[in-house]
Every structure is written in C-alpha cells, then in structure tokens.
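K.L.:
Give me a 3D structure for the following:
(2 chains)
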Amino acid sequence: MKAREFWILFAPSFLVMGGLLVIPLVRTIQWSFESVRYGTPGTFVGLDNFADALTDPRFGQAALFTIIVTVITTAILLVLGYVVATGIDRLTKSRPLVLGIMLVSYVLPNLVGAVAFSWLVNDNFGGIVNRFIGLITGTQVLWFTEQVPNAILIIANTVWHMLPFAMLIILAGLQGVPVELREAATIDGASPLQTHLHVIIPTIRGVLGFVTLISIMDVLRMFDNLIPLSPQAAAIGNESIMLYVYSVAFADGAQQLGLGSAINVLTILLILVMLTPFIRGIFKEAKVAR
Amino acid sequence: MSTTTKRVSALIAVAVVGAVALTGCGAGSRTGNANATEVTCDYTAPDSATTVNVLAYNSSAIDPFTDTMVSSCTKDDVTVKHDPIDFGGQVTKTTATLAGDTGTYDIIETYGFVIPGLATDEKLVPLDDLFDKYADDYGLNDISESMRQGMSYDGQLYALPMQAQMFVMAYRADVFEELGLDVPTTFPEMMEAAEAIKAAGLMEYPIALPWLATADVSTSFQATMNSLGADFVNEGGDVTLDTPEAQEALEAMMALMPYMDPQVTTFDQPTVQQQMYNGTAAMSIMFSGRMNDLTLETNSQLADTFDFAAPPKVSDEAEYAYDRLSIDGWSIPFNTKLDHDMLFVMMASAVSEDASKASVPAAYPAREGMVTAENSPYGEAANESIAAAMPPIVSPVLADITNEIRPILVEVLTGSTTVEDGMARMQAAAEAIAG
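P.N.:
Next up is the predicted model:
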C-alpha cells in the first residue's frame, strides 16, 4: 500500500480517535490539576484534587466496592461463560434459538435491563423473587438498604447483562479447538473434566484472557445499573467509582469538575494496574505467534 | 455460508435491530402535544428561521403548560422545541446551560427554591418590565401575588409562576371508615391510626412517604422543620441545624419509621404512589402533582377509595403543617440570544387563563381561585395545605446546604449515625457553605 492510500484510509479513524479519545483524555488530565466549574476557565490547584479524592473515605469505599464487584463478577463470568458455552457448543439445531434468547439481556440498554431486574426483588412492582424467598424462608430480604444483599443484586444483574458476551467469545474459542486434540485426550484416558482443565482451557487461554480484559474494563466502569439497583448506594457503601464521580461533578447541580477529573485519572490508573497481567499475556502471545 | 451460520447471523441481526428500535422508542420520543390546549401566542417573529429550546421536566402537572407552549407558539419559521427529561436531568442541564456566555436553552423551568441562588448569580433575566408590558394582554395580574413573590428575589421577579405544588395527604377512606378512625392532623395521630391498621391486620406498613436518599429526603426534613417554625437557616442567614427544632424534627421523622417499609429511604414519589395503588399503605404525603394520578381508575382498582386532606403537623404544639410549597415557573436564561419579548410572550401564553384552566386537576395553577373542591378531587386539601404552610425563608444558600447535608441526614435516618452526631455534622457542613 502506498503512503498516500494509507493516509487516506487511516485519516478518518485518526480524526475520530483524536476527537473522541485523545482530546477528552488530555482535557481530563488538565482539569485534574485545576478547580473547574461549568463555562469558566479552570485555575491551577496542583495536586489538591488528588489529595481531596484520596483523603475522602467515600472515594476509598467506592474504590474498594468497585474492585470487589469487579473481581467477583469477572470470575463468575469466566466460569459461567465457559460452562454455558460448552453446553451450547454441543447443541446443533437449537443453537441459533438459544443464542438469540441469550443475547436479549446483552443488547437491552443497561438501564432498562437493570430497572426490570430491580422489579424482581421490589415488592412494590411485583417482586416475584422476593415473594418466592419470603414463601420459602418467611423473611424479608432488604435488597436495597443492606450492603451485602444489595451487592449480590448488583453482581447478579451485571452477570445477567454480560454473560452473553463472555459466552459468545468463549464459544468462538471452543469452536477453534481442534477435534483431534480432544480425541487424543480421550484416547489417552483423560476424563471430561481433565480434558477441559488440561487440554481445552490451555488451548483457548488467549480467548479467556480477552474476556477477562473486557469484563474488568466494563465492570470497573459500572454506573447506570446502580441508579435503579442501589438507590442509596453511598449510604450503604455500595457506590461505584463512576457513580461517585457523577455525584461530585454533575448530580444536583454539583460542579466539581476538577475533582471529578482527578478521580477519573485515578480510575484510569487503577484499570491499568488491574489489566497489566492480561495485557502482558496478550503481548506475549502475539510475540509467540509472530 | 452454512445454514447454521446464516441462522445465527439472522438471529443476531434481529436482536440488534430490536434493541436499537427499543432504545430509539425510549430516547427519541418528544412530548406529545396532540391534546394540548390551543391559546393565543402573538409575538413578533424573527426574520430568519428560529428554534426556541425549552427545558422543563416531564410530570403530569408541568406537561399541560409545556405542551400548550409548544403547540400554540410553534408557527411559521419559529419552532418551539422541548425534549422529554426528568427532574434530575433538568437540574443538571440547568446548571450546565447557565454556566457560560452561551447556553443550550432559551426558556427554562425554575422553582422557588432555586430562584434566590440563580438571581444572586445573575443567571436569570429580571422580568418586571416584561410583566408590566404584557400584563393586560395575558391577564397576568390574576396570577397569585404570593406566588409572584415566591418567584422574586430582592424585589425583582425572576420567573413567571405557572403552577404550585404543596404537600397533600392521601388516605384510604374505606380503611379509615371501617376502623372508625379520624383523619390524622398530627404525627402522633398518624402513628395511632397506623397502629390501629396494623393491629387490624390490614397492612404491615400503613404509612408511605417518599424518603429516597435524594432531594426527596431533604425536602421531607425541611418540611418537618417547617412544621416547627424553623428551616435550615433563619431569616438572618444563620444555620439552624443544631437547634432543638432540628432535633425534634429528626426524632419525629425517626418515630414514623416503624410504620413505614424498612426500605423507605429508597422510595421516591412514584414508588409511594405504587404503594397506594397496590393497597400496601393507607396514608401517604406527597406533592400535590402526584394526587390526580391516584384518582385514575386506569392506575388502580382502589382509585375510588382514596380521599385527600391537608398534611398533619408534627405535634399538637407545632405552628405549621408538615408541608412544602414549591412554585414552578418559566424563566429566561441570561445567555439566550433570542428576543426577550418573544420568549416572554411564549411563557405568558403557556400560563394564560385557558391553559391554566385546562391543567386542572392535574396541576394547581398559579392563577387565583382556579382550584376548588368542585373541579379537583384534592382541591380543598390543597387549599388548606397552602394556608397551613410556613412562609418560606428566602436564602441563596439553602439549595446548596440541602445537597450537602443529605448524606448525613440519610445516615441518621438509617441509624448509622446518632441524632446528636448527625446534627453536629450537618451544622458544620452547612456553616461551611453559609460562611
């Protein structure tokens, strides 16, 4: 390809990436060192915003909650995604139907899905799950005002929303595992569990790494599903980092854009730290493939 | 391509198209104006095609006025545009549009609580001259004098009053009659009634109040303090969150908790409405704009069992009712580039006599004597509520204080902070704002 053709084809992507990714990122970093209100130029405040964020117990709690939910959710997504993908991989005629049904939760707007999900445990709107639990145990679970039940609700909703994605990618990986490998394992006397643990999973390690990477990034940014699922998130310690940013920078007319930007910068660093092992793994695999 | 692959592709495509269509239905729809009242809207149109952007949250009480403005004032090359938005979205967008020299909106919906702050920051256009100029044409002098005062600051009018909302108590008349209960006029009487309803085995949580940990809960705290003749600040601007009234208000709120759903701090007004629809609560206190919904048979089979009354006082000794009077109106942002006369005429049309009449019973229009017991099922209760409300304390810092103390208030109500600790922290947080 000639240089001119390359630039003609590459320029639109370059402009879009620059406009939608680089400029906002640069502005976020700039604002994190400034005191900024809407429509007014910022004033440089050094590291004050970072100091405010890092000394605010609410930020610490939000970071802790976000990390815990991310780790648990990602683990569940990987295990459940693998199990479901393995099951679907065995289907023949009914596979398209099952896949289509499963995709519904993924293509629904997150907020809409979360509202519907919250009604499952909200007595005022039917609360079918709550009623069932009440029938069995005779107790009322406070899904929205107690930290642990609420965290379970949030994790369940996130898994419900993201499982189809994890399952689809893993399914694609499973279909790439050579049949000869499985047959060889069977001939060698490997049990089904051993085949999965020692043959299939190592073969699709890269795919699982990719699912982990995307899941971590998505869950770390969780925000809109908490609006219906955790109406008093801050009070019970179930506020995500993004919800915290929203409350200090936008909600109720708040205008601490500098503080919000500083928290975003810290979040980017957190995401990078959590993703480092997986990014390194992907680079290693790419190197080997070359 | 194999048959299976084709099927998978087709299913994925159908799912994606369906999701996009669903998203589009929710996100792109505009306020429906099919049944809007047509009124006169005579302004001098600009020479070129013009769009007037209106910011107003959607509710059954506000929509009649917004719809009238959109349908009556859109003509020739002038388009009045209003996109659906909820109250929280309006608050955020108001802050953003008023921030710089140019804004997104040309007419914004405002309410009495935020007028002092916006007026102090010179974010709104004073309307006195325009009011005088168009008063006769649009009968503006019939708009309640007290509501005009409620939308004024420092002697200047900053919003044209549209409608008011006040706390009204809705209760199950059939349950009260069956148990021989009187309509409660104080919090202790409310608790006695709730106790009787619980004892009769009719309901577990007979009282329903919107105490969601947002503006709902702080408004309720303010209403409780107002009943005792106090507010978050006094007339002199001093913070009063460590006073005996603040303590009594917090204790009074907490005393109601055993009679309400344990998750009450997650309940907004629609949820409280739902409790009434479902028959899981016998008494609720909400803003009047929510009351008409309770009377609609399409919403609940219990619609004909609801009756309305003025909200109770916190105690026998309390001076006022547990009440908040919120006046909604139209304002012109300082940074609009459009002609102020044209915008004011649009606002005046939207609150004209015909438009106001058509808004009853969904709304309580700002014009004098529009709502009565005859034309509104909750009209009498609303009028009594206005009479029983404490006159507002006007302060530009009240809105900010309300936001700042909210998390602490929720901690007190959920029992994670003691009343004394909470009061001390709220006082300190509010003093940091009041200076």
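K.L.:
For chain A, what lies in contact range of chain B?
P.N.:
Contacts of chain A with chain B, taken as Cβ under 8 Å from any Cβ of the partner chain, map to A:37-40, A:92, A:95-97, A:99-100, A:103-104, A:107-109, A:112, A:123-125, A:140, A:142-145, A:231-232, A:234-236, A:250-255. From N, CA and C alone the C-beta is placed, and that goes for glycine too.
K.L.:
again, 6 Å this time
P.N.:
For chain A, the residues in contact with chain B (Cβ under 6 Å from any Cβ of the partner chain) are A:38-39, A:96, A:100, A:103, A:107, A:109, A:124, A:142, A:144-145, A:231-232, A:234-235, A:250, A:252-253.
K.L.:
From the residues you listed, keep the buried residues only.
P.N.:
A:39, A:96, A:100, A:103, A:107, A:124, A:142, A:144-145, A:231-232, A:234-235, A:250, A:252-253 (16 or more other Cβ atoms under 10 Å in any protein chain shown).
K.L.:
Looking at those, spot the one nearest chain B.
P.N.:
A:G39 (2.8 Å; Cβ to the nearest Cβ).
K.L.:
Can you verify the closest one is assigned to a helix?
P.N.:
No. If the criterion is DSSP: H, G, I helix; E, B strand; the rest coil, then A:G39 is coil and not within a helix.
K.L.:
Local confidence estimate at B:G236?
P.N.:
Looking at B:G236, its pLDDT reads 90.
K.L.:
Domain parsing of chain B, as residue ranges.
P.N.:
Annotated domains of chain B cover B:50-164+B:325-377, B:169-323+B:391-434 [automatic domain parsing].
K.L.:
can you map out the helices along the stretch 51-200 of chain A?
P.N.:
A:57-90, A:95-107, A:110-119, A:128-137, A:147-175, A:179-187, A:192-195 (DSSP state H, counting those that start in this stretch).
K.L.:
What helices and strands are in contact with the fifth one?
P.N.:
Other elements packing on helix A:147-175 under the criterion 3 or more Cβ pairs under 6 Å, 6 or more residues apart in numbering or on different chains; DSSP states H and E are helix A:57-90, helix A:95-107, helix A:110-119, helix A:205-220, helix A:226-229.
K.L.:
Only the buried residues of the third one, if you could.
P.N.:
Judged by neighbour count (16+ other Cβ under 10 Å), helix A:110-119 contains these buried residues: A:110, A:112-115, A:117-119.
K.L.:
And the average pLDDT for that helix is what?
P.N.:
93.
K.L.:
Between helix A:205-220 and it, find me the angle.
P.N.:
80 degrees (axes from the mean of the first three to the mean of the last three Cα atoms, to 10 degrees).
K.L.:
Can you list the helices and strands that helix A:110-119 packs against?
P.N.:
Secondary elements touching helix A:110-119 (3+ Cβ pairs under 6 Å, 6+ apart): helix A:147-175, helix A:226-229.
K.L.:
Quick one: residues in contact with it.
P.N.:
Helix A:110-119 is touched from outside by A:125-126, A:157, A:161, A:224-225, A:228-229, with contacts defined as Cβ atoms under 6 Å, 6 or more residues apart in numbering or on different chains.
K.L.:
Output that helix as CSV, nothing but the C-alphas.
P.N.:
Extracted C-alpha coordinates of helix A:110-119, given in CSV (Å, rounded to 0.1, in the frame of the first residue of the first chain):
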residue,chain,number,x,y,z
ASN,A,110,-28.2,-1.5,30.6
LEU,A,111,-30.5,0.9,32.5
VAL,A,112,-33.7,-0.7,31.1
GLY,A,113,-32.5,-4.1,32.0
ALA,A,114,-31.5,-3.0,35.5
VAL,A,115,-34.9,-1.5,36.1
ALA,A,116,-36.6,-4.7,35.1
PHE,A,117,-34.1,-6.7,37.1
SER,A,118,-34.8,-4.5,40.2
TRP,A,119,-38.5,-5.2,40.0
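K.L.:
What is the distance between it and the centre of its chain?
P.N.:
The chain centre lies 16 Å from the centre of helix A:110-119; the measure is Cα atoms, centre = their mean, to the nearest Å.
K.L.:
With chain A as the reference, measure out to B:L202.
P.N.:
16 Å (Cβ to the nearest Cβ, to the nearest Å).
K.L.:
element containing the spatially closest residue to that residue that is not a sequence neighbour?
P.N.:
The shortest distance from B:L202 to any residue other than its chain neighbours is 6.1 Å, reached at B:V175 (Cβ to Cβ, 6 or more residues apart in numbering or on different chains). Using DSSP states H and E, B:V175 maps to helix B:173-178.
K.L.:
what's that helix packed up against?
P.N.:
Secondary elements touching helix B:173-178 (3+ Cβ pairs under 6 Å, 6+ apart): none.
K.L.:
tell me which parts of the stretch 301-435 of chain B are close to chain A?
P.N.:
Counting by Cβ under 6 Å from any Cβ, the stretch 301-435 of chain B sits next to chain A at B:403, B:407, B:410.
K.L.:
All set, thanks.
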